[in-house]
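Chemist: This is the structure alone, sequence omitted:
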């Protein structure tokens, strides 16, 4: 049996001799709880570690002998630290582990306490983030719509001087505009800087006052308050009615569709749809379409729609099979959306937006040569929007069905591309050119436009119209314009255009 010497409290008494296997009983160590294997390991440990020490100092009779033993042990500690078996004890009602003469105590009395604290540490930040996101990502609350307007177009309870100038809701010749405002979520940019805040300020001051009904794309409200700022400013200028894409939150794993309709005229009915998730970067946005039934007069209404469909992610806007198939399915959804909201009346239909289909044919021609013919992608788009349907094999699809895809019994055969009809060619709305002083063709804009889209001279923004749904219709579109929105050189803004897209404008005439 291995023995160990334990020092008594009194100096002159002989040391007490204990069994090594009972030495730690004051730590409430219960050897009976050990498995046979652990018990054998503990005894082997005692024999191997402590027996040599006892044999070396087998004769210990005085205090000096004990001190020499302790000094020898201390002198060897620099070369090799003696290990000791871990011992479980308690301190201040906490479980502790003693190992190599060091005490390690647990923070919690019980496992349940530990789990509860960990759960609270996780739940509190999660709940705080949820509350913050629910508030920050929600749309702004606007004031109540004024009920009366004075004869000089000033609001009786809204003395904003800008509203007095721009409020045209008492006239029935609204000025229309559609444009992609290129206002993407924070951190998303093409080049060094998109100047989102500066461009928003310019749009509020110089674009809103010139129009009465505006459809906007890429007005993304996700993770920022810029669109809320736009809505508040628009309300102050007399745009008391709007429809926007549904807001989305971080747990949706995607942002809103970025669509917005602003109107000085009452919106009597509003609808919104969301497409299935797109492909590539478009998967991050819940794209869709908006509808507003706008009352121009007591008996004059117009259906206004806007959408922003799947983008093409090949360089230069070239067709990609995956992108094209998704986009065609979205056009079919738009057709169904129009049918669901407009088939029970005969009011005119106006579809405006960035449809991401280049209508122009290039064939390697110079950027300054207009496209008088329409591309295959444009023709397929119009066929799907009208309900005629299209053949997916035209774009290399593996459809073995001889029948056309995306056909509909409800047709919009009179759907007309008004800018194309007015100009006789497809106007450039993206990636335009200009000529330098020596006649060289150079990009019209380089600060906002992606470098791989420069000089692609694409026609991707549309203004589509059906005005003759009834013999009693008296509405027509006139004064069709491409709104380039060049910033004056002396305006001291760090950009030359308000967006990488041009807008399309028109005036709606009633007789």
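Modeler: Alright, I've got the coordinates. What you are looking at is a predicted structure, and each value in this text was computed from that prediction instead of being measured.
Chemist: now the helices for the chain?
Modeler: 36-49, 51-56, 63-77, 111-136, 161-166, 196-206, 226-236, 321-342, 376-386, 418-423 (DSSP state H).
Chemist: among these, where is the model least confident on average?
Modeler: Ranked by mean pLDDT, the helices of the chain bottom out at helix 161-166, with a mean of 39.
Chemist: which parts of stretch 236-250 are buried?
Modeler: Across stretch 236-250, burial judged by 16 or more other CB atoms under 10 Å covers 236-245, 247-249. Placement of C-beta: from N, CA and C, glycine included.
Chemist: Which two of those have the greatest separation?
Modeler: 238 and 249 (31.1 Å; CB to CB).
Chemist: hang on, the earlier thing: could the buried residues of stretch 236-250 go into TSV alongside distance to residue 175?
Modeler: Formatted as TSV, the buried residues of stretch 236-250 follow (distance: CB to CB, whole Å):
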residue	distance to residue 175
236	18
237	13
238	13
239	12
240	16
241	16
242	17
243	19
244	21
245	23
247	28
248	32
249	35
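Chemist: which one of the residues you listed sits closest to residue 416?
Modeler: residue 243 (23.9 Å).
Chemist: Was I right to think that closest one contacts residue 273?
Modeler: No: taking contacts as CB atoms under 8 Å, residue 243 lies outside contact range of residue 273: 11.7 Å.
Chemist: burial of residue 487, as a residue count?
Modeler: For residue 487, the neighbour count with other CB atoms under 10 Å is 17.
Chemist: contacting residues for residue 305?
Modeler: Residues counted as contacts of residue 305 (CB atoms under 8 Å, 6 or more residues apart in numbering) are 289, 290, 291, 292, 334, 337, 338, 349, 350, 351, 352, 353.
Chemist: Check the gap between it and residue 123 for me.
Modeler: 44 Å (CB to CB, to the nearest Å).
Chemist: again with residue 377
Modeler: 51 Å.
Chemist: quick one, which of the two is more surrounded?
Modeler: Taking other CB under 10 Å, residue 377 and residue 123 do not tie; residue 377 has more neighbours (22 against 10).
Chemist: List the contacts of the more buried one.
Modeler: Counting by CB under 8 Å, 6+ apart, residue 377 has contacts 319, 324, 357, 358, 359, 395.
Chemist: from memory the fifth one sits against residue 378, does it?
Modeler: Translated: residue 359. Yes: counting by CB under 8 Å, residue 359 touches residue 378, with 3.9 Å between them.
Chemist: Give the buried residues for stretch 464-484.
Modeler: 464-467, 469, 473, 475-477, 480, 482-484.
Chemist: Just the residues you listed: which are in strands?
Modeler: 464, 465, 466, 475, 476, 477, 480, 482, 483 (DSSP state E).
Chemist: any idea how far the closest residue to the fifth one other than its chain neighbours is from residue 214?
Modeler: Distance criterion CB to CB, 6 or more residues apart in numbering; nearest residue to residue 476, sequence neighbours excluded, is residue 509 at 4.9 Å. Separation of residue 509 from residue 214 (CB to CB): 18 Å.
Chemist: quick one: which of those two has more around it?
Modeler: Using other CB under 10 Å, the more surrounded residue of residue 509 and residue 214 is residue 214, with 29 against 14.
Chemist: what is the more buried one paired to in the beta sheet?
Modeler: Going by DSSP bridges, residue 214 is paired in beta bridges with residue 177, residue 262.
Chemist: residues in contact with it?
Modeler: Per CB under 8 Å, 6+ apart, neighbours of residue 214: 176, 177, 178, 179, 208, 239, 260, 261, 262, 263.
Chemist: Out of those residues, the closest to residue 135 would be?
Modeler: Out of the contacts of residue 214, the member with the shortest distance to residue 135 (by CB to CB) is residue 260, at 20.9 Å.
Chemist: Show the pLDDT at that closest one.
Modeler: 98.
Chemist: what's the answer for the one 3 residues further on, then?
Modeler: The predicted structure scores residue 263 at 98 on the pLDDT scale.
Chemist: Isn't it up against residue 294?
Modeler: Yes: with contact defined as CB under 8 Å, residue 263 reaches residue 294; the gap is 5.6 Å.
Chemist: closest to residue 448 among the contacts of residue 377?
Modeler: residue 358 (18.6 Å).
Chemist: circling back to that earlier point, got JSON lines for the buried residues of stretch 464-484, with distance to residue 391 and pLDDT too?
Modeler: Formatted as JSON lines, those follow (distance: CB to CB, whole Å; pLDDT from 0 to 100):
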{"residue": "464", "distance to residue 391": "22", "pLDDT": "99"}
{"residue": "465", "distance to residue 391": "26", "pLDDT": "98"}
{"residue": "466", "distance to residue 391": "24", "pLDDT": "96"}
{"residue": "467", "distance to residue 391": "30", "pLDDT": "90"}
{"residue": "469", "distance to residue 391": "28", "pLDDT": "86"}
{"residue": "473", "distance to residue 391": "33", "pLDDT": "77"}
{"residue": "475", "distance to residue 391": "34", "pLDDT": "91"}
{"residue": "476", "distance to residue 391": "34", "pLDDT": "94"}
{"residue": "477", "distance to residue 391": "31", "pLDDT": "97"}
{"residue": "480", "distance to residue 391": "31", "pLDDT": "98"}
{"residue": "482", "distance to residue 391": "32", "pLDDT": "98"}
{"residue": "483", "distance to residue 391": "35", "pLDDT": "98"}
{"residue": "484", "distance to residue 391": "36", "pLDDT": "97"}
